Every structure is written in structure tokens, then in C-alpha cells.
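> compute the structure for the input listed below.
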Amino acid sequence: MISSILSQFPIDGELIKAERFGMGLINDTYLCEFRKNNVLHKFISQRINHLVFNNPEKVMNNVEIVTSHIVKRLHKQGIVNPHAMTPALLHARDGKSFYRDFTGSYWRVYYFIESGIAYDTVRDEQHAYEIGRGLGKFQNLVSDLEPHKLDIIIPNFHHTPYYLVEYDKALKADIKIRASSIEKESKFVFHRKFLAPVLTKLIQSREIPIRVVHNDPKVNNIMVHVLTRKALCMLDLDTAMPGIVHFDFGDCARSVVNRAGETTRDLEKVSVDMSLFEALVSGYFCEAGSFLTKREIETLHFALKTITFELGVRFLTDYLRGDVYFKTQYQLHNLDRARVQFKLLESIEAVDRKVEALIAHLGFKTRI
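Numbering: from 1, shown residues only. A predicted model of the protein is given here:
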């Protein structure tokens, strides 16, 4: 089947192999190798999960706009072959950015980035720096892309008050009779409800601009060079939509600063590693400091607490509903995930002033 799909794209050479690739949980991904004149050329082929993305054509419209914009920006910077350092689409023979097969499935092909590698967890401070730089680089490259050109792929994504409302509904319904087991977590959420509207108020008041943002900048979505370990690009652009830089910064920082990771059950190991955070922030402002507004920098520290709180609430809500959204490996998995985020939030609260001061110092330093 994969060979017939690939035949719909203008790839020269003989298909040597097509194998499952990566650990992605959403789309079906294949690494495809072609040989032409004894030279191998690699491509990534993906079938878009239409159950997660119910309008694949809107997804592809966004991806095409973002990737083509970044390629043009890199060309202007003197990069001869942008395809080697950023996701770039190979259009189908009919000129579209995708091919729809007879079953209704949507397929796309990317040029394979030979020199890149992505890790599931942070390796050290230098890696944290490059993760921050990779995020800042992406935001910088799309900072002049008008956000209204992109469709909203997932409504209310990173809209924390929405998730709090959903949590309250799940707690009240208690369809799996689990509310009695989360009394401590319920009190934790209740005493921090004030965090929910912090970022949305900034949007509503128009204190900060709406921009094109990635929305899912976890560690393994930021590729680094396999030899130099320098940031190359961001992967998985399906959630690129209009938003605020705080969404990306908060989610990225949250995933970096906790060395114990999101899946640990040993809460004693969960805390903010300030050395990782400082490295991340330094790398981020190295690229993003040139375009961020004064108000964005002043309010960026709110993002770490709010997005960490948001994810914890989402895990807790899913636990109450019977684990219908996040994939789980055991019965209390989502509850354990929520506890990790809440413990991390407590750790963030303990160093809140240090976080704010560090962001202000490094952020405004780049504007001098």
C-alpha cells in the first residue's frame, strides 16, 4: 500500500524500503528510502489521524503555510538548502500538499532531515539551552507570519479556564466513582483556580499580541544536529495555530525543568531544576529576544505556573472520566500524572520570584 501512496508524489528513483518510524502516538509514520544513480534519498511519509484531526485539509493548510514561510525566511538568510534543516513538504503530483487515498485517508510526504535527532528527555544544561533556542528560533521565523492566515485546529487549546470548567463537570458527574480518591488533589485545584484566567486575561485585554505558535513544544519535538547538538528546528507542526508565545514557553519549560519526567511515581524526585531552567531561558531569548514585546517579557513568568496547572487539571479530569483521552498503562496512571504536575507546580511556586527575576534579567538583557 505504501508504494502506491508514494507513487502519487514526484519522487525519482526506486523505492528500496519503507518502514515504521518513530514513537509517535497520533499519525502513522514511515521512513522511506529511494535509490537513484546509486545514491539514497530519504523521505518521511505520514498518514494523518483523522480521528484526532477531524479536518485534515485544514491541518495541511496550516502546515503548508508555516513550512513554506519558514523555508522562505531561511532562503533570505542565505540558507542554500532549507530542506536539510526544517520540515518541508513534498507536494503531490496534483500540486496539493497531501494525497487522499481511496479509503479517505490523508497522506503527506516530508523531506527527511538527515542531520537531525530528537531526544525524549533533556540530557543536560547544554541540551536545555538548545531546546530553548530551538523554540525561540521557530517563533522568530514565524513572527512575521500573520496568524489570521491559520485555521483553529483544536478549539480552546491551552485555554485554561475551559479545562477548569471541564474538570468541574467531571468532578460533579463522577461517572467512574473516583471523586472520593482525589480529595487532596481537589483541594489543590480549588486553591489555585485563580491561575486559570491569568493568560486568557492577557489575551482579552490585548496586552500581548496574537502570534503563530507551535502549541506542543515538548522536548522530543525539538530537533538538534546529530553532531554539533545545536538546535535545528521544531517538528510536528499539526497544532501550529494562532496563540500567544506564553503557551509555547510555559509548556516547553514545564517539560524541561523536571528531571524526573512526567511518568515518575516518586514525587520526592519532582522539582524545578533551576540550572536547566536558566539554560532554557538563555537559549530562548538568544533567538526570541529580538521580536518579543516588553509586555510579553514582563508576563512570561506566568506561563510556567499556568500551563503546569493546566496539564495537571487535564490529567485529573481524564482520570475522573475513566481515562478516555490520554493513553494509560495502568488504572491510576492519569492520577499519578496529575500528581507529578501538581508537585512540580508546588516547586515552581517556591521559586516563583527567582523565575520571574531570571526571565526579566535575561529577557531585557537581549533588548539592550
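
> now the helix or strand where residue 353 lies: buried residues?
Using DSSP states H and E, residue 353 sits within helix 352-365. Neighbour counts over helix 352-365 (16 or more other CB atoms under 10 Å) mark 355-356, 358-359, 362-363 as buried. The way it works is simple: take the backbone N, C-alpha and C, and place the C-beta from them, glycine included.

> for stretch 287-300, same thing?
Counting neighbours by 16+ other CB under 10 Å, one finds that the buried residues in stretch 287-300 are 287-289, 292, 296-300.

> quick one: the strands in the stretch 151-300 of the chain, in order.
Along the stretch 151-300 of the chain, the stretches classed as strands by DSSP state E, counting those that start in this stretch are 211-213, 222-225, 231-234, 241-243.

> distance from the chain centre to the second one, please.
The gap between where strand 222-225 is centred and where its chain is centred comes out at 14 Å by CA atoms, centre = their mean, to the nearest Å.

> and that strand, average pLDDT?
Strand 222-225 shows a mean pLDDT of 96.

> for it, packing partners?
Judged by 3 or more CB pairs under 8 Å, 6 or more residues apart in numbering; DSSP states H and E, strand 222-225 is in contact with strand 116-117, helix 125-141, strand 231-234.

> in a markdown table: those, plus distance to residue 1.
Below are these laid out as a markdown table (distance: least, CB to CB, whole Å):
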| stretch | distance to residue 1 |
| --- | --- |
| strand 116-117 | 27 |
| helix 125-141 | 33 |
| strand 231-234 | 29 |
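
> for residue 52, find the nearest of those.
strand 231-234 (18.9 Å; CB to CB).

> ok, residues contacting the closest one?
Outside of strand 231-234, the residues within contact range by CB atoms under 8 Å, 6 or more residues apart in numbering are 70, 85-87, 113, 115-116, 130-131, 133-135, 137-138, 214, 217, 221-225, 283.

> what of stretch 326-345?
Under the criterion CB under 8 Å, 6+ apart, residues 25, 181-182, 185, 188, 192, 254, 257-258, 260, 262-265, 267, 270-272, 305, 308-309, 311-316, 318-319, 323 lie in contact with stretch 326-345.

> pLDDT averaged over that stretch - what is it?
Rounded mean pLDDT across stretch 326-345 is 94.

> buried residues, it. List them.
Residues of stretch 326-345 classed as buried: 328, 332-345 (neighbour count, 16+ other CB under 10 Å).

> so which of these is the closest to residue 5?
Distance to residue 5, by CB to CB, is smallest for residue 328 among those, at 31.9 Å.

> how near is that closest one to residue 174?
Separation of residue 328 from residue 174 (CB to CB, to the nearest Å): 18 Å.

> ranges for the helices of the protein?
Listed in chain order, the helices of the chain (DSSP state H) span 2-6, 56-76, 125-141, 160-173, 183-190, 198-204, 245-257, 274-288, 294-299, 301-320, 333-350, 352-365.

> packing partners for the fourth one?
Packed against helix 160-173, as judged by 3+ CB pairs under 8 Å, 6+ apart, are the following elements: helix 183-190, helix 198-204, helix 301-320.

> what's the most buried one of those helices?
Greatest average neighbour count among these goes to helix 301-320 (a mean of 25), per mean count of other CB atoms under 10 Å.

> that helix - what's its average pLDDT?
Mean per-residue pLDDT for helix 301-320: 97.

> gap between it and the chain center?
15 Å.

> what of stretch 131-151?
Going by CA atoms, centre = their mean, the spacing between the C-alpha centre of stretch 131-151 and its chain's C-alpha centre is 12 Å.
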